[in-house]
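>>> Following is a predicted model, sequence given first.
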Amino acid sequence: MAEQSAILSVSGSRYLHGYNCALVGVMLLASGLLIWQGFQLPSMVVCGAIVIQLLLSVGVWCVLRRGIQQSLKLYFSVFILSVVNFGLYLYGAGGHTNPAISILLVPVALSAVLLHWRKTITLSLVVVSLYTLLTSYYIPLAVGSEGGHHSAHQHDNLMQFHLLGMWLTFAISTALICVLVIPLAHSVRRQQALIARQSEKLLQDEQLVSLATFAASSAHKMGTPLSTLSILVDDLCEVVAGKPEWQKDRELMVQQISLCKNILQEMVRKAEDLRQNSREPILVSELVGSLREQFNLLHPQLALQVSSDASQDIKVLADATLEQALLNLLDNAVRASRSAPQMSIKSKSDNLVISIKDAGPGIPEDIRQQLGQSFVSTRKDGLGLGLFLSHATINRLQGELTLQTGVDGTVVEIRLPLFDATHPVDI
């Protein structure tokens with residue numbers, strides 16, 4: 001509830017200010033109609049209530065103008081004060097016989113959207129109690145000397161005002177609900193959707209940290225068997241002496257073991273960076289160059305095709321997992337089409353757009369609906385983690401990953417915000 005208070009405080013003040021201003025207008029309009037119909041009003045009570053309501057409106061406007069974030073208790077207090085003050089106005093303007101009394105429903109509708117249900121029930125009880133009191137305690141409307149001396153004429157004036165007031169109050173209440181409650185409800189739904197997305201992002205980050213911790217632990221455990229293999233391979237020097245083919249195989253084994261050790265060390269380093277949420281700006285040209293190099297190591301028989309119209313000095317904010325995320329997508333493209341994917345890089349406004357296209361058969365609709373979730377794969381031998389990790393990494397960097405598939409292949413589009421040194425992102 002505290003988070004909701006912080007989110008709705010400024011927007012709630014805007015709607016609350018609109019409600020208070022509308023209430024001032026209702027008081028002035030109802031008083032004008034009563035005087036026009038020839039009724040006399042106790043000026044001290046009616047004018048006092050209007051002035052108090054005007055001060056409430058000014059106070060809420062000051063809070064809104066300064067952008068001060070207040071708790072929802074303030075809104076509840078303002079609702080209570082406005083309702084009681086409106087009751088004071090009605091006390092001097094005919095009580096329950098004044099059709100403007102229906103306006104008391106508007107703060108209840110606003111409270112139902114803006115405040116906690118307990119506060120809404122409390123406000124409803126106050127409104128009902130106030131309505132009940134106004135049926136017995138109020139200053140009756142009286143016709144002035146110019147309004148006639150006959151009770152029949154007074155009754156006709158009262159009935160005419162009451163019917164006109166009922167229609168006008170209904171129209172005003174409907175307009176207030178449409179103007180105030182509907183946008184406020186939409187704002188609340190939008191904020192709830194934002195909270196849901198943030199909660200999903202936090203859960204995704206927790207999953208990534210868990211995977212990073214598991215990867216670091218696995219890398220540590222794999223170090224021992226690799227060291228054992230390294231010792232055994234060294235012992236093979238004497239065995240393969242004088243046998244060139246065996247010597248080549250042994251040298252290849254040494255290279256592969258060394259490569260595995262380097263990969264494990266890099267895995268541990270990236271896992272630690274991920275846990276610390278370490279990010280730094282990187283040149284797009286350096287990122288592309290590193291991608292080319294890593295892609296050639298993974299697929300030496302293929303050449304990565306890259307087309308770029310982006311400036312060489314633009315940067316993106318990256319962490320240790322961005323390069324691996326893009327490599328996962330490139331590797332998926334290769335496995336889908338068995339040919340080199342096409343990667344294009346463009347800069348649009350404040351975003352870097354990277355597109356990866358393959359010539360595969362496309363992704364079935366039922367599988368595509370689940371992509372981005374863990375352990376969902378289009379390959380029988382896949383673990384289903386590649387696209388999940390890529391999607392999570394890009395989201396964590398405030399980017400977006402979209403996928404378009406058809407019979408002529410699949411296009412994965414990645415949007416990443418460009419790094420602006422004059423307005424650095426809080427990392």
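It's in.
>>> in what helix or strand does the nearest residue to residue 29 once chain neighbours are set aside lie?
Excluding the flanking residues, the one nearest residue 29 by CB to CB, 6 or more residues apart in numbering is residue 168, at 7.7 Å. (Glycine included, C-beta is placed from N, CA and C.) Using DSSP states H and E, residue 168 maps to helix 151-176.
>>> quick one, strands of the stretch 1-150 of the chain?
Secondary structure of the stretch 1-150 of the chain, counting by DSSP state E, counting those that start in this stretch: strands at 39-40, 142-143.
>>> Indicate which one of those strands is closest to residue 393.
Closest approach to residue 393 among the strands of the stretch 1-150 of the chain is made by strand 39-40 (71.6 Å; CB to CB).
>>> what's downstream of the strand or helix carrying residue 343, the next helix or strand?
Using DSSP H and E, the element containing residue 343 is strand 342-348. Counting by DSSP H and E, the next helix or strand C-terminal to strand 342-348 is strand 351-357.
>>> start to end distance for stretch 311-326?
20 Å (CA to CA, to the nearest Å).
>>> mean confidence score for it?
When pLDDT is averaged along stretch 311-326, the result is 80.
>>> Can you list the buried residues in it?
314-326 (16 or more other CB atoms under 10 Å).
>>> Same check on stretch 84-92?
85, 86, 87, 88, 89, 90, 91, 92.
>>> What of stretch 233-248?
Residues 233, 240 are the ones in stretch 233-248 that count as buried (16+ other CB under 10 Å).
>>> residues near the residue nearest to residue 29, how many?
Using other CB atoms under 10 Å, residue 168 has 17 neighbouring residues.
>>> same thing with the one 10 residues further on?
Residues contacting residue 178 under the criterion other CB under 10 Å number 10.
>>> Assign a three-state SS to the residue nearest to residue 394 when sequence neighbours are not counted, would you?
Excluding its sequence neighbours, the residue lying closest to residue 394 (CB to CB, 6+ apart) is residue 401, at 4.8 Å. Taken by DSSP: H, G, I helix; E, B strand; the rest coil, the conformation at residue 401 corresponds to strand.
>>> picking up where we left off before, can I get the strands of the stretch 1-150 of the chain in JSON lines with mean neighbour count and distance to residue 49?
Formatted as JSON lines, the strands of the stretch 1-150 of the chain follow (neighbours: other CB atoms under 10 Å; distance: least, CB to CB, whole Å):
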{"stretch": "strand 39-40", "mean neighbour count": "18", "distance to residue 49": "16"}
{"stretch": "strand 142-143", "mean neighbour count": "16", "distance to residue 49": "18"}
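>>> Residue 240: which of these is closest?
Nearest of the strands of the stretch 1-150 of the chain to residue 240, taken as CB to CB: strand 39-40 at 114.7 Å.
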